[in-house]
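Asker: Next input, structure requested:
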Amino acid sequence: MNQLSAMTDHELVVLYEEGNDGAFDVLLERHQAYIYSYILFLVKDEDVANDFFQDTFQRAIIAIRSHKYQTTGKFSAWLTRIAHNLILDKSRKTESTMTVREDQVKPKALNSLSLSEATREDEMIDSQTRASIRQLLDYLPAPQKEVIMMRFYDDLSFKEIAEMTGVSINTSLGRMRYALINLRKLIQEKRISLVG
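Answerer: Numbering: from 1, shown residues only. Next comes the predicted model:
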C-alpha cells in the first residue's frame with residue numbers, strides 16, 4: 001500500500017482501470033474528506049450528504065472501469081463535478097423538498113477560471129458569503145477555526161494543515177468535520193443567508 005500511496009492520482013486511476021482495487025482505496029482515502037465536506041456544505045444534512053458521497057464514488061468507479069475517465073484536470077475537481085451534478089439533478093427532480101439550486105451553488109472547485117468565467121455579481125456574492133462565514137468562525141473552538149481558515153481561505157491540503165499544526169491528518173479531518181457541523185448550526189441559529 002505504501003508504494004501506491006506515493007503514486008499520483010493519474011497513476012492510481014490507470015492501475016484501477018487495469019483491475020487493481022487497492023489503487024482505488026488510496027484514491028478514496030486521499031479525497032474522501034474533501035468531497036464529503038464539500039457535499040455536506042451544500043446539502044447541510046449528514047444523511048443526505050452520505051448518500052451523495054456514496055453515489056459520487058459509485059459514479060467514479062463506473063466511469064473509470066468503463067474507461068470514460070479522461071485526465072483533463074485534477075482528479076479532485078472531477079470528483080467535485082460529479083458530486084455537484086448529482087446534487088443539481090436531484091434538486092431539479094425534488095425542487096420542493098431540496099433547497100439547493102444551480103443558481104445558489106457557487107462551489108470553489110467549479111468557480112476556477114479554467115472551468116468557468118465568474119461574473120462581477122458572482123464575485124460579490126462569494127465575497128459576502130466568505131465575510132458572513134468568517135464572522136461565524138469566531139464562535140468556533142480555536143482548532144476548528146484554524147482548520148477552516150487554512151483549508152478554505154489559505155487553500156492548503158489536509159496534509160499541509162496536519163504538518164503545520166503538528167497533528168495527524170485524521171485529526172485535521174475530524175476538526176474540519178466538526179467545524180462544518182458547528183458552522184451549519186450557527187448559520188441556522190443566526191439565520192444567515194449564504195446566497196445573495
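Asker: Can you find the helix or strand in this protein with the smallest mean pLDDT?
Answerer: helix 120-137 (a mean of 62; mean pLDDT, DSSP states H and E).
Asker: what packs against the helix or strand following that helix?
Answerer: Where DSSP states H and E defines the elements, the next helix or strand beyond helix 120-137 is helix 142-148. Secondary-structure packing of helix 142-148 (3 or more C-beta pairs under 8 Å, 6 or more residues apart in numbering; DSSP states H and E): helix 158-165, helix 169-190. Just so you know, the C-beta spots here come from the backbone N, C-alpha and C atoms, and that holds for glycine as well.
Asker: can you rerun that using 10 Å?
Answerer: Identification of packing neighbours for helix 142-148 by 3 or more C-beta pairs under 10 Å, 6 or more residues apart in numbering; DSSP states H and E yields helix 120-137, helix 158-165, helix 169-190.
Asker: which regions of this protein lie under the pLDDT threshold?
Answerer: Scanning the chain for pLDDT under 70 picks out 1, 72, 94-133, 154, 190-196.
Asker: Residue nearest the middle of the chain, spatially speaking?
Answerer: By C-alpha atoms, centre = their mean, the chain has its centre lying nearest to residue 38, at 2.7 Å.
Asker: any idea which element it lies in?
Answerer: Using DSSP H and E, residue 38 falls in helix 21-43.
Asker: Name the residues of that helix that are buried.
Answerer: Across helix 21-43, burial judged by 16 or more other C-beta atoms under 10 Å covers 23-24, 26-27, 30-31, 33-43.
Asker: what residues go with each domain of the protein?
Answerer: 1-105, 118-196 (automatic domain parsing).
Asker: Tell me how many other residues crowd residue 86.
Answerer: Neighbours of residue 86 under the rule other C-beta atoms under 10 Å: 18.
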